[in-house]
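Trainee: one predicted model, sequence on top.
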Amino acid sequence: MEREFNTKATSVLPSTDVAVVGGGPAGLIAAAEAARRGLKVVLFEEDNIIGRPERCAGLYSIRGLEKIGVALSRSYVQNLIWGGVINSPSGEVFEISSPTPVAVVAEREAFDRYLAEKALASRADILVGRRVVSCHIDEGGRACELVFDDGSKLSSRGLIIAEGSSASLARRIFKGYDAPYWLPIIQLIVRNHGLDRRKAHVWFKSYLRDFFGYLVPINEELGKLGVAARRDPLAKAYRLMREEMPSSRIIGYSAHSIYRGPPLEIGLDGNVVLVGDVAGQVKATTGGGIITGGICAKAAASHIYSYLEEGRRGVYRRMVRGLYRELRATYSIARAIDSMSDKTLDGLIKAASESGLSKTLSIRGDMDFQVTGLARSLASPVGLRFLCGLLRTLL
Ligand SMILES: Cc1cc2nc3c(=O)[nH]c(=O)nc-3n(C[C@H](O)[C@H](O)[C@H](O)COP(=O)(O)OP(=O)(O)OC[C@H]3O[C@@H](n4cnc5c(N)ncnc54)[C@H](O)[C@@H]3O)c2cc1C
């Protein structure tokens with residue numbers, strides 16, 4: 001018989017091996033992996049419907065989806081993306097085209113539902129409409145007691161916290177938890193964008209100093225236009241739309257925040273771990289965290305299994321070491337881009353365009369491991385040409 005989620009539970013289980021807090025992608029992937037390894041898992045989501053409210057551009061690399069074991073499915077794929085168009089403040093354009101699709105545009109609610117079905121198929125339980133308000137952990141790191149908003153309680157041997165930007169449990173449990181790296185973002189659904197549906201579009205503008213603006217096409221007509229900014233993101237999103245897509249009109253709107261910091265070194269040991277956005281497992285250049293958070297969620301579940309069943313320590317930290325190095329380097333690049341003047345950005349994009357870096361990046365680049373992909377691309381004759389061109393335009 002098909003098992004159902006998105007129904008509010010009337011009671012909670014008295015105990016479980018692993019409790020997961022948060023039914024976003026990181027929590028769902030971790031729950032599926034822990035259950036697949038034979039642990040008894042219950043996931044709690046405070047909202048009544050998995051995947052809602054939808055606040056995501058849904059741009060995920062195909063290679064990354066493979067890495068987290070998620071097959072492409074018509075149930076959530078809205079569009080295929082073959083490259084990107086990057087526009088500089090003064091109108092220089094750098095276009096990357098690949099001979100095959102490199103990314104999908106996903107409908108986020110359907111994507112999360114797809115992940116929830118995978119978790120159920122692994123025999124995890126999902127209870128929606130349940131907010132965890134606090135948690136007591138025993139000194140020896142062997143048990144936790146979760147407390148819910150209706151006062152009910154659950155004891156569990158392990159706890160995976162995947163609560164996203166709210167971070168309320170993380171702050172309570174981990175002394176010194178601090179992540180002041182969130183940036184408000186507005187995402188508009190627009191009709192009649194008039195841009196190439198096979199490309200993701202990015203604009204650097206003098207009025208978008210905190211982040212770039214983007215348009216991720218859903219199809220020829222519809223697209224997701226996003227602007228993140230410390231101040232007035234909505235006004236800036238309107239302005240970008242008027243300038244770059246003058247015939248378009250708005251048919252939907254959402255507001256949230258994206259993480260633009262380094263990965264956090266906290267919650268990587270013991271029987272209580274952090275995964276996803278709450279752990280800063282996000283590419284700071286783009287705020288994208290589905291693939292990187294998904295890789296870490298699988299590692300966290302492996303760690304919890306090893307810790308609870310085999311008494312092994314340090315598995316999570318070891319498994320994410322390489323990715324964390326990459327995310328820290330990505331954060332440094334994001335900071336460097338944020339501090340660039342319009343003139344430098346113009347020079348960078350012009351040099352990239354004139355050097356032929358596009359072809360090299362389409363072969364050697366990687367949307368999720370951006371620094372590694374960029375380093376591979378620069379270590380080539382084209383890379384050298386790009387660096388020389390950059391020096392010429394800047395000096
Ligand atoms: C506008 C926008 C566009 C984006 N575009 C992209 C993109 O194109 N590609 C990409 O890779 N990433 C993108 N991201 C980032 C991506 O959405 C996040 O990295 C991802 O959602 C993080 O997943 P998560 O599971 O860690 O957290 P979330 O998705 O935030 O899920 C956390 C869940 O925990 C629940 N919760 C919180 N506290 C509790 C509690 N106490 N009890 C029970 N439940 C609780 C919440 O209700 C929520 O469902 C975008 C983000 C935004 C805002």
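Mentor: Received the coordinates, thanks.
Trainee: find the nearest non-adjacent residue to whatever residue of the stretch 1-150 of the chain ends up closest to the ligand, please.
Mentor: Going by C-beta to the nearest ligand atom, the ligand is nearest to Gly24 of the stretch 1-150 of the chain, at 2.2 Å. In this view, the C-beta of every residue, glycine as well, is placed from N, C-alpha and C. Nearest in space to Gly24, with sequence neighbours left out and distances taken as C-beta to C-beta, 6 or more residues apart in numbering, is Gly164 at 5.5 Å.
Trainee: contacting residues for the one you found?
Mentor: Taking C-beta atoms under 8 Å, 6 or more residues apart in numbering, we find Gly164 in contact with 22, 24, 26, 276-278.
Trainee: give me the sheet partners of the helix or strand hosting Phe94 and which way each runs.
Mentor: Assigned by DSSP states H and E, Phe94 falls within strand 93-97. Sheet pairing of strand 93-97 (DSSP bridges) gives strand 83-87 (antiparallel).
Trainee: identify all contacting residues around the strand it pairs with.
Mentor: With C-beta under 8 Å, 6+ apart, strand 83-87 has contacts from 93-98, 102, 195-196, 198-204, 244, 349, 352, 362.
Trainee: so which of the residues you listed are in helices?
Mentor: For these, the ones inside helices are 244, 349, 352, 362, with DSSP state H as the criterion.
Trainee: of those residues, closest to Ala116?
Mentor: Closest approach between the ones in helices among the contacts of strand 83-87 and Ala116, by C-beta to C-beta: Ser362, at 33.9 Å.
Trainee: what's the burial count for the closest one?
Mentor: Close neighbours of Ser362, defined as other C-beta atoms under 10 Å, add up to 18.
Trainee: contact partners for it?
Mentor: Contacts for Ser362 (C-beta under 8 Å, 6+ apart) come out as 83, 96-99, 102.
Trainee: please indicate which of those residues are buried?
Mentor: By neighbour count, with 16 or more other C-beta atoms under 10 Å, the contacts of Ser362 hold 83, 96, 98, 102 as buried.
Trainee: just give the closest residue to the residue sitting nearest the centre point of the chain, not the sequence neighbours.
Mentor: Nearest to the mean C-alpha position of the chain, counting by C-alpha atoms, centre = their mean, stands Gly289 at 1.5 Å. Leaving aside its sequence neighbours, Gly289 sits nearest to Val282 (C-beta to C-beta, 6+ apart; 3.7 Å).
Trainee: so that neighbour versus the ligand, what's the distance?
Mentor: 5 Å (C-beta to the nearest ligand atom, to the nearest Å).
Trainee: how about the helices of the stretch 51-200 of the chain, start to end?
Mentor: 62-67, 108-121, 168-173 (DSSP state H, counting those that start in this stretch).
Trainee: pick the most buried one from the ones you listed.
Mentor: When these are scored by mean count of other C-beta atoms under 10 Å, the highest mean neighbour count falls to helix 108-121 (a mean of 21).
Trainee: which outside residues touch that one?
Mentor: Around helix 108-121, the neighbours that count as contacts under C-beta under 8 Å, 6+ apart are 3, 5, 23-25, 28-29, 31-32, 35, 41, 43, 49-52, 54-56, 58, 60, 70, 73, 75-76, 126.
Trainee: near the ligand, which residues of the chain show up?
Mentor: Contact residues (C-beta under 6 Å from any ligand atom) of the chain with the ligand: 21-27, 44-47, 55-60, 131-132, 162-166, 168-169, 185, 187, 226, 256, 258, 276-277, 282, 287-291, 293.
Trainee: would you list every one of the helices in the stretch 201-350 of the chain?
Mentor: For the stretch 201-350 of the chain, the helices defined by DSSP H, counting those that start in this stretch occupy 233-244, 290-310, 315-338, 342-355.
Trainee: helices or strands up against the shortest one?
Mentor: Applying 3 or more C-beta pairs under 8 Å, 6 or more residues apart in numbering; DSSP states H and E, one finds that helix 233-244 makes contact with strand 182-191, strand 199-203, strand 213-217, strand 222-228, strand 249-259.
Trainee: what is the mean pLDDT for that helix?
Mentor: If you average the pLDDT over helix 233-244, you get 98.
Trainee: ok, the third one next?
Mentor: Model confidence over helix 315-338, given as mean pLDDT, is 96.
Trainee: ok, Leu240 touching Ala228?
Mentor: No - counting by C-beta atoms under 8 Å, Leu240 does not reach Ala228; the two are 11.5 Å apart.
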